[in-house]
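K.L.:
Here is the input, now give the coordinates:
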Amino acid sequence: MNTPVIQIVGYKNSGKTTLIETLTEGLTNRGFKVGTVKHDAHEFDIDHPGTDTWRHRRSGARMTAITSDHRTAIVEEKPTPLPDILQRMANMDIVLVEGFKQEPYPKIVMVRSEADYELVDRLSHVAAIVSWLPNLPQGDLPVFGIEDTHGVMEWILKGYCR
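P.N.:
Purely as a prediction, here's the structure:
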């Protein structure tokens, strides 16, 4: 797959979702087709009790789809590896992935506290840091402050978007 993939990783409440939301909006406003993937460590449900698709799944369907004139959602009762999900997003200009810390794509690590910095050393393919701390050691990686989402987007545009 030739579509650039950027992972946003960090611990809970480090700002991952907010950064992806801001980047997605900014890149979309510049004309890019952005795909997003969220890894959830817990069991999640996008259906609500009583909806038709919830009733389909509750009755035992292993795969349930719903479609309208504007969107389609498919829920499968199985985990899906990130590479399989990314294949379905091959027509995007860029894909932003929240989580999947062990996958081999360029990562932006969110550092909220000094203890979080261990992720920078532990994970592979770390490309940049977004920090809540004012005096984070810089090393060879670009470091952006938590409020510098414009700087993060410009860095992505220069290095990953065509």
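
K.L.:
make it CA atoms for all contacts and neighbour counts henceforth
P.N.:
OK.

K.L.:
Grab the longest helix from this structure for me.
P.N.:
Ranked by number of residues, the top helix in the chain under DSSP state H is helix 16-29.

K.L.:
what residues are up against the residue of the chain most remote from its centre?
P.N.:
In the chain, S59 marks the outermost C-alpha relative to the chain mean, sitting 31.5 Å out by Cα atoms, centre = their mean. Neighbour list for S59: empty [criterion: Cα atoms under 8 Å, 6 or more residues apart in numbering].

K.L.:
any idea how far it is from I94?
P.N.:
37 Å (Cα to Cα, to the nearest Å).

K.L.:
Next: D140.
P.N.:
According to Cα to Cα, D140 stands 24 Å off from I94.

K.L.:
follow-up on the earlier one: for the longest helix of the chain, name the packing helices and strands.
P.N.:
Counting contacts by 3 or more Cα pairs under 8 Å, 6 or more residues apart in numbering; DSSP states H and E, helix 16-29 is packed against strand 5-9, strand 34-38, strand 94-98, helix 149-160.

K.L.:
Can you tell me which of the ones you listed is packed in deepest?
P.N.:
Greatest average neighbour count among the helices and strands packed on helix 16-29 goes to strand 5-9 (a mean of 25), per mean count of other Cα atoms under 10 Å.

K.L.:
That one pairs with which strands?
P.N.:
Partner strands and pairing direction for strand 5-9 (DSSP bridges) are strand 94-98 (parallel), strand 107-111 (parallel).

K.L.:
closest one to A128 among the ones you listed?
P.N.:
strand 107-111 (4.8 Å; Cα to Cα).

K.L.:
Low-confidence stretches in this structure?
P.N.:
1, 41-45, 138, 162 (pLDDT under 70).

K.L.:
Just the residues contacting stretch 11-31, thanks.
P.N.:
Contacts for stretch 11-31 (Cα under 8 Å, 6+ apart): 8-10, 33-34, 96, 98, 110-112, 116, 149, 153.

K.L.:
now, which of those residues sits nearest G159?
P.N.:
For those, the nearest to G159 is M153 (9.9 Å; Cα to Cα).

K.L.:
so who does that closest one touch?
P.N.:
M153 is in contact with L23, G26, L27, counting by Cα under 8 Å, 6+ apart.

K.L.:
Can you add distance to T17 and give the helices and strands packed on helix 16-29 back as TSV?
P.N.:
Output for those, formatted as TSV (distance: least, Cα to Cα, whole Å):
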stretch	distance to T17
strand 5-9	8
strand 34-38	9
strand 94-98	7
helix 149-160	12
